[in-house]
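> okay, here's the prediction I keep looking at, along with the sequence it came from:
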Amino acid sequence: MSQSKKSDTNFLMQGSILAVASIISRIVGLIYRMPLKEIIGKVGNNYYGTAFEIYNIILIISSYSIPLAVSKLVATRVSKGEYRNVYKILKGSLLFAMISGGTASLVVFFGADIFTSMLRTPMAAIALRVLAPVIFLVAIVGVFRGFFQGLNTMMPTAFSQIAEQIINAVVSIVAAYLLFDYGASVGKVLGDPEDYAAAYGAAGGTVGTLMGSVTALAFVLFIYSLYKRVLKRKMRRDRVSVDVSYGTVMWVLVSTIIPVLLSTTLYNISSIIDQGIFKNLVYWQGYDHHLVSEWWGVYTGQYRVIINVPISIAGAMAASSVPSLTKAYQMGDAELVKRRIHSATRFVMLIAFPCTVGIAVLAGPIQRLLFHDTDAVSAYMLIIGAVSVVFYSLSTLSNGLLQGIDKLKLPVRNAAVSLVLQAVFLVLCIVCFRLHIYAVVLANAFYALLMCILNGYGLHKYSGAKQDIKKTYLLPGIASVIMGAIVYGVYYLLHRFVGSNFIATVISIFSGMFSYFIIMLLIKGVTREELLRFPKGHLLVRFAEKLHLMPLDSEE
């Protein structure tokens, strides 16, 4: 295998490690949300979701961009062999994280009542206060994750994510159960047992997040303690570093973090703006408070949880792309930059298209399987919003790709433009068409579509990268539509004759995965060389050869 192919394989391998970890983490999150939803109910889900919306925005502003910025800075220094400066970046980043994360934690803890009242959900303040210290812990964990990603190893990030989510799941369920009963007791005294039970139950769910972040921090500290000896040896051998002051390191760090921070803030703040616009307008239209709480609980606790599983793959690929693209860009290797942009985009689209169709076709069965929800509203949310999987996957990835080629300000501008247009679109959908919660789903998809268009234009302009429309979008789209028809038929027949939604849904999902792979081979949507670049690609090739869908290597 040539050096360039080995490089591409390693690039995809590192992205795939993070992608697999993200999928496992999301699936664990999906599984534990089922009993959590049963414990705290739809109203509790509303409080839980609101607390997380506020927490996520503060986290994004204070700490979310730290891993990406650190990985970019570390990758730049590693490509030059400046390991003494790598260590300075690590220490400077930890100081920055302690200041930003600590300040944000205090703001959230003491401002919880103000934030939740602004979103017309004051009972979410209890859960939000539990989340306050998590911001500080996540900031520290983010530095170490970014440090290892900059060294082009995704394993510490991957394993810490999985460990974090498993602890989160177990503790969330236990704490929610215990605090739900406690909240009911408190509510009886205060005259509102239902609301207090839901609020304290939601707070119990956030206790799991706190303990998960403690676990992640312990894990990355342990891994760093093992690696520190290697780093010190490389520092002793470093003959190229020019001594830079910590003031310079902090300035470089801040100047890198701010554009990334603005980009991620604007990119993710849409959810909290949506909530403010949605709740105020539908209350003005006269909708019942309890009904609105249930709608938002389903949106954040069911719809977003399902949709985010495939989107997390794009997030993982974006995170792994930044250090890799940064190195290629620093070396001035334009062809390598183009190839990696193409590979990352194609990888993400190969997964996003079938996920979009699968979620749309099995919307109702998935909601019944995961959340025992037979309400048509929850199913229609998935049907309408499934397309956002493709749009968000592509926009999330393209944000990372632009940051990897040093166009840090461009995603900021694109996100700002998209955010304004999305807000106008949401208001029109609610006021003019009275689409209530469906308006939020449509507005989110519209926002992601705008980001795709603007980021795609920027990537082409500044890198010269041009995707193969047929292989990247058209063929996966065609294969996914055919797969969707097969999945629908399999589910309909099984459910009719077996009568079990669980059996019909699970078998339909596996039949979809198998049929998509077969169809892509039949229409030549993926080649042997491309399959071999994926993790365990040789097994996929061998499987295709046994089915006589791909000629043996010796025959080519």
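Ah, there it is.

> surely residue 44 and residue 297 touch.
Yes. Under the contact definition of CB atoms under 8 Å, residue 44 touches residue 297, with a separation of 7.4 Å. (Glycine included, C-beta is placed from N, CA and C.)

> for those two, indicate the residue with more neighbours.
Between residue 44 and residue 297, counted using other CB atoms under 10 Å, the more crowded position is residue 44 (33 against 24).

> residues contacting the more buried one?
Applying CB atoms under 8 Å, 6 or more residues apart in numbering to residue 44 gives the contacts 37, 180, 197-199, 201-202, 205, 297.

> most neighbours of all these, which one?
Using other CB under 10 Å as the contact criterion, the top neighbour count among the contacts of residue 44 goes to residue 202, which has 35 neighbours.

> which elements pack onto the host helix or strand of that residue?
Residue 202 is part of helix 193-237 when elements are defined by DSSP states H and E. Using 3 or more CB pairs under 8 Å, 6 or more residues apart in numbering; DSSP states H and E as the contact criterion, the secondary-structure elements in contact with helix 193-237 are helix 3-59, helix 83-118, helix 125-150, helix 155-190.

> looking at those, which is nearest to residue 302?
Residue 302 sits nearest to helix 3-59 of all those, at 7.3 Å, using CB to CB.

> I'd like the mean pLDDT over the closest one, please.
Taken as a whole, helix 3-59 has an average pLDDT of 81.

> between helix 155-190 and that helix, find me the angle.
Per axes from the mean of the first three to the mean of the last three CA atoms, to 10 degrees, the angle that helix 3-59 makes with helix 155-190 is 20 degrees.

> would you check that residue 387 makes contact with residue 445?
Yes. Judged on CB under 8 Å, residue 387 makes contact with residue 445 at a distance of 5.6 Å.

> neighbour-wise, which of the two wins?
residue 445 (22 against 18).

> pull out the buried residues from the lowest-mean-pLDDT helix or strand in the chain.
Taking mean pLDDT, DSSP states H and E as the measure, the chain has helix 246-268 as its least confident helix or strand, at a mean of 79. Within helix 246-268, the residues that qualify as buried by neighbour count (16 or more other CB atoms under 10 Å) are 249-250, 252-253, 256-257, 259-268.

> the helix or strand following it packs against which elements?
Elements were assigned by DSSP H and E; along the chain past helix 246-268, the next helix or strand is helix 270-284. Using 3+ CB pairs under 8 Å, 6+ apart as the contact criterion, the secondary-structure elements in contact with helix 270-284 are helix 3-59, helix 289-298, helix 409-431, helix 436-463.

> for residue 507, find the nearest of the ones you listed.
Relative to residue 507, the nearest member of these by CB to CB is helix 3-59, separated by 17.9 Å.

> so how far is the following helix or strand past that closest one from its chain's centroid?
Beyond helix 3-59 on the C-terminal side, the first helix or strand identified by DSSP H and E is helix 66-79. A distance of 20 Å separates the C-alpha centroid of helix 66-79 from that of its chain, computed with CA atoms, centre = their mean, to the nearest Å.

> okay, the angle between helix 66-79 and helix 83-118?
Using the same axes, to 10 degrees, the direction of helix 66-79 lies 170 degrees away from that of helix 83-118.

> who does helix 66-79 touch, helix- and strand-wise?
With contacts defined as 3+ CB pairs under 8 Å, 6+ apart, the secondary structure elements packing on helix 66-79 are helix 83-118, helix 125-150, helix 246-268, helix 304-331, helix 388-404.

> highest average neighbour count across the ones you listed?
Comparing these by mean neighbour count (mean count of other CB atoms under 10 Å), helix 388-404 ranks first with a mean of 27.

> now for it, which elements pack on it?
Taking 3+ CB pairs under 8 Å, 6+ apart as the contact definition, the neighbouring helices and strands of helix 388-404 are helix 66-79, helix 246-268, helix 304-331, helix 334-361, helix 409-431, helix 436-463.

> which of those sits closest to residue 110?
Proximity of those to residue 110 was assessed by CB to CB; the nearest stretch is helix 246-268, lying at 21.2 Å.

> now for the closest one, which elements pack on it?
Packed against helix 246-268, as judged by 3+ CB pairs under 8 Å, 6+ apart, are the following elements: helix 3-59, helix 66-79, helix 83-118, helix 388-404, helix 409-431.

> skipping adjacent residues, who's closest to the residue nearest the centre of the chain in space?
Centroid-nearest residue in the chain, with CA atoms, centre = their mean: residue 312, separated by 3.6 Å. On the basis of CB to CB, 6 or more residues apart in numbering, the spatially nearest residue to residue 312 that is not a chain neighbour turns out to be residue 22, at 3.8 Å.

> for the one you found, which residues are in contact?
Counted by CB under 8 Å, 6+ apart, residue 22 has contacts 161, 312-313, 315-316.

> quick one: the closest residue to residue 372 other than its chain neighbours and residue 131, what's the gap?
If you skip the residues right next to it in sequence, residue 372 has residue 38 as its closest partner in space, 7.4 Å away by CB to CB, 6+ apart. In this structure, residue 38 lies at 22 Å from residue 131, with CB to CB, to the nearest Å as the measure.

> equivalent analysis for residue 430, please.
From residue 430 over to residue 131 the distance is 29 Å, taken as CB to CB.

> likewise residue 175?
13 Å.

> same check, this time on residue 525
43 Å.

> kindly report the same for residue 544.
Applying CB to CB, the value for residue 544 to residue 131 is 47 Å.

> quick one: buried residues of the strand or helix carrying residue 530?
Taking DSSP H and E as the criterion, residue 530 maps to helix 528-532. Neighbour-count burial for helix 528-532 flags 528, 530-531 (criterion: 16+ other CB under 10 Å).

> between those, which is nearest residue 96?
For the buried residues of helix 528-532, the residue nearest residue 96 by CB to CB is residue 530; the value is 40.0 Å.

> nearest spatial neighbour of the closest one, chain-adjacent residues omitted?
Sequence neighbours aside, residue 346 is the residue nearest to residue 530 in space, at 7.7 Å (criterion: CB to CB, 6+ apart).
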